[in-house]
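> for reference, the sequence and a predicted model appear below.
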Amino acid sequence: KSFENNFSKRIGVKNSITTSSCTAALHLALHANKININNEVIVPAMSHVATAHCVEYQGAKPVFVDIDKKTGNIDLDQLEIALSNNNIKAINLVHFLGIPCDVNKIKKICEGKDIIIIEDCALALDASLDNIKVGTLGDVGCFSFYPTKHITTGEGGMLTTNNQIIA
């Protein structure tokens, strides 16, 4: 509980929930948002397989969207095209190599649609966009504490959210 509270303070979020891995946090984020077999979830075409596997764990279909070759993050033009599909219910964003996705632009693209924004922050602890830390920009943030990450607990993950119902 102390680790969760300190993590919440560090990134500026109301709720942090420890998990066994970032994959588990991503899966939990989809489950908590009731993503199911009738839904599709956008994922970047270049990422760790867990980004798509957690979608499959829910029975939903991953929809791969190409990346911006400069940042490695999801290509916003391609994202906009993919969002014309009405079965899309969530986006699993990856802040690739600590470079934050432009979540503000993504929110504008999603305006008027009921889209859950999940941030995969496995490679981006303490990264920020406009002085706001990743993991607080979308509906849910997911972090990794695997041995190759910024901090490690030997294994483990964290789900972050300001939404008390999700928490």
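Perfect, thanks for sending it. Every value quoted in this text rests on a predicted model; they were computed, and no experiment measured them. Numbers count the residues shown, from 1 in each chain.
> use CA for all of it now, contacts and neighbours both
Noted.
> quick one: contacts of the helix or strand hosting residue 30?
Counting by DSSP states H and E, the element that carries residue 30 is helix 22-32. Residues external to helix 22-32 that are found in contact with it (Cα atoms under 8 Å, 6 or more residues apart in numbering): 19, 50-51, 54-55, 57-58, 118, 120, 122, 140, 142-145, 156-159, 166.
> what is the longest strand of the chain by residue count?
Looking across the chain with DSSP state E, the single longest strand is strand 88-94.
> just checking, next helix/strand downstream of that strand?
From strand 88-94 onward toward the C-terminus, using DSSP H and E, the following helix or strand is helix 103-110.
> specify the beta-bridge partners of the residue lying closest to residue 91 once chain neighbours are set aside.
Spatially, and ignoring its direct neighbours in sequence, residue 91 is nearest to residue 42 (4.6 Å; Cα to Cα, 6 or more residues apart in numbering). Listed beta-bridge partners, residue 42: residue 63, residue 91 (assigned using DSSP bridges).
> near residue 88, how many other residues are there?
As a burial measure, the neighbour count of residue 88 was computed by other Cα atoms under 10 Å and equals 23.
> per-residue pLDDT of it, please?
The score at residue 88 is 96. That number is its pLDDT.
> give me the distance between the nearest residue to it once chain neighbours are set aside and residue 161.
Excluding its sequence neighbours, the residue lying closest to residue 88 (Cα to Cα, 6+ apart) is residue 40, at 4.6 Å. With distances taken as Cα to Cα, to the nearest Å, residue 40 is found 22 Å from residue 161.
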